[in-house]
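> I would like the atomic coordinates for the input below:
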Amino acid sequence: MINKQVILKNRPKGYPDENTWQLESNEITELQDGEILIEHHYISLDPAMRGWMNDSKSYIPPVALDHVMRAGAIGKVIKTNNNPKFEVGDCVTSWGGVQQYSITNGDGWFKVDESLASMPMYLGTLGMPGMTAYFGILEVGKVKQGDIVLVSGAAGAVGAIVGQIAKIKGCTVIGIAGGKEKCDYIVNELGFDGAIDYKNENIYSALKKKCPKGIDVFFDNVGGVILDAALSKLRMHAKVIICGAISQYNNKSKVQGPSNYLSLLVTRSTMQGLMVMDYTKDFGKAVKEMSGWLQEGKLKSKEDIYNGIENFQETYNRLFTGNKNGKLVLKVKE
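Numbering: from 1, shown residues only. Just a heads-up that it's a prediction; the model follows:
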């Protein structure tokens, strides 16, 4: 059997180009005792992948050159060799990488129930983005009824869930997104109370209009100018959650930091980084509660699915062009 794999060949400076990855076809080796063979059906594409390519200190080691590009994956066990934990047909998910098959002893792989949700949903709402949203807004943001919540990247995989959870908890939610279509989506389909189109509105003027009383919680996926503007609208004892900074990931120069940071001092506010892996032991609780919200219709899930491992780079680019809605997923099963 042949395994198509996307291999990291060069560390990009700025935006990844055609020299960053190479698509290879390699023979699948025989299973050793205790190993399983997993056929990937879908791969998760996430902004964090850009940081994993940098050879710098971070929360996780960088992807090594000449290795399979790191990514979340979901698929099915198609062969086993005396592994007591998994059977042929099990649906499983983990960091399988951008490839069609994985050979593993099963460590770090988790079974999921397809009767509760589709495979792509386990990469989105019930996967890492959903867990990030859940623990970020509830554990770090500690939202409470009546809070005014601002979310950047609000039409993305994390931001869309953050806003919906905040609404479930009785908050007023304003989302920042790029373009009329995305702004209409978060208001009309997801139930946000308002939207700011950063591509066509002055962010400071829009915040003054949409958040006249200020902000209690800001969940930031974008960084840069939008973070700076939000800091100017903090209420007393506000919370700023730093989940990501997609506007800065492809910079060739220094990351643009906030010049309005003294607002944290004036308002006695806090700014805290969020790393979802800190909450791994509680993922089961979150999946159970979010599954309930999905079944009750309180929470909506949207996956934007594209086909073919050969189209990995083109699909990856959608993370940064904004040409997507919801969770970006690549189908790799032929």
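> list the helices and strands the lengthiest helix in the chain packs on?
When the chain is parsed with DSSP state H, its longest helix is helix 283-296. Under the contact criterion of 3 or more Cβ pairs under 8 Å, 6 or more residues apart in numbering; DSSP states H and E, helix 283-296 touches helix 128-135. No exception for glycine: its C-beta is placed from N, CA and C like everyone else's.
> Run the angle between the helix it packs on and helix 283-296 for me.
Counting by axes from the mean of the first three to the mean of the last three Cα atoms, to 10 degrees, helix 128-135 lies at 90 degrees to helix 283-296.
> so how far is helix 128-135 from its chain's centroid?
In terms of Cα atoms, centre = their mean, to the nearest Å, the centre of helix 128-135 is set 8 Å apart from its chain centre.
> cool, stretch 321-334 as well?
12 Å.
> Please apply the same query to stretch 156-163.
The answer for stretch 156-163 is 9 Å, by Cα atoms, centre = their mean.
> Could you report the separation of A195 from L150?
Distance of A195 to L150, computed by Cβ to Cβ, to the nearest Å: 11 Å.
> Quick check: buried residues in the longest helix of the chain?
Buried positions in helix 283-296, judged by neighbour count with 16 or more other Cβ atoms under 10 Å: 283, 286-287, 290-291, 293-294.
> pLDDT averaged over the very next helix or strand once past it - what is it?
Going down the chain from helix 283-296, the next helix or strand is strand 303-307, by DSSP states H and E. For strand 303-307, mean pLDDT is 95.
> Just checking: what are the partner strands of strand 303-307?
Note on strand 303-307: by DSSP bridges, its sheet partners are strand 327-331 (parallel).
> Now tell me what touches the partner strand from outside.
Residues outside strand 327-331 that contact it (Cβ atoms under 8 Å, 6 or more residues apart in numbering): 41-46, 98, 120, 123-125, 129, 157, 301-309, 311-312, 315, 318-319.
> let's see 7 Å
Defining contact as Cβ atoms under 7 Å, 6 or more residues apart in numbering, one finds that strand 327-331 is touched by 41-45, 120, 123-124, 129, 157, 302-307, 312, 315, 318-319.
> rewinding a little: ok, the buried residues of helix 283-296 vs E30, which is closest?
Of all the buried residues of helix 283-296, F283 has the smallest distance to E30: 33.2 Å, by Cβ to Cβ.
> was I right about the closest one contacting Y134?
No: counting by Cβ atoms under 7 Å, F283 does not reach Y134; the two are 9.0 Å apart.
> Can you show me the helices along this structure?
Remark: helices assigned in the chain by DSSP H are 48-52, 119-123, 128-135, 159-168, 180-184, 203-210, 224-231, 262-266, 283-296, 312-321.
> Point out the most buried one among those.
Highest mean neighbour count among the helices of the chain (mean count of other Cβ atoms under 10 Å): helix 159-168, with a mean of 27.
> tell me the mean pLDDT over that one?
Per-residue scores along helix 159-168 average to 98.
> I'd like to know which elements it is packed against.
Under the contact criterion of 3 or more Cβ pairs under 7 Å, 6 or more residues apart in numbering; DSSP states H and E, helix 159-168 touches helix 128-135, strand 148-152, strand 172-177.
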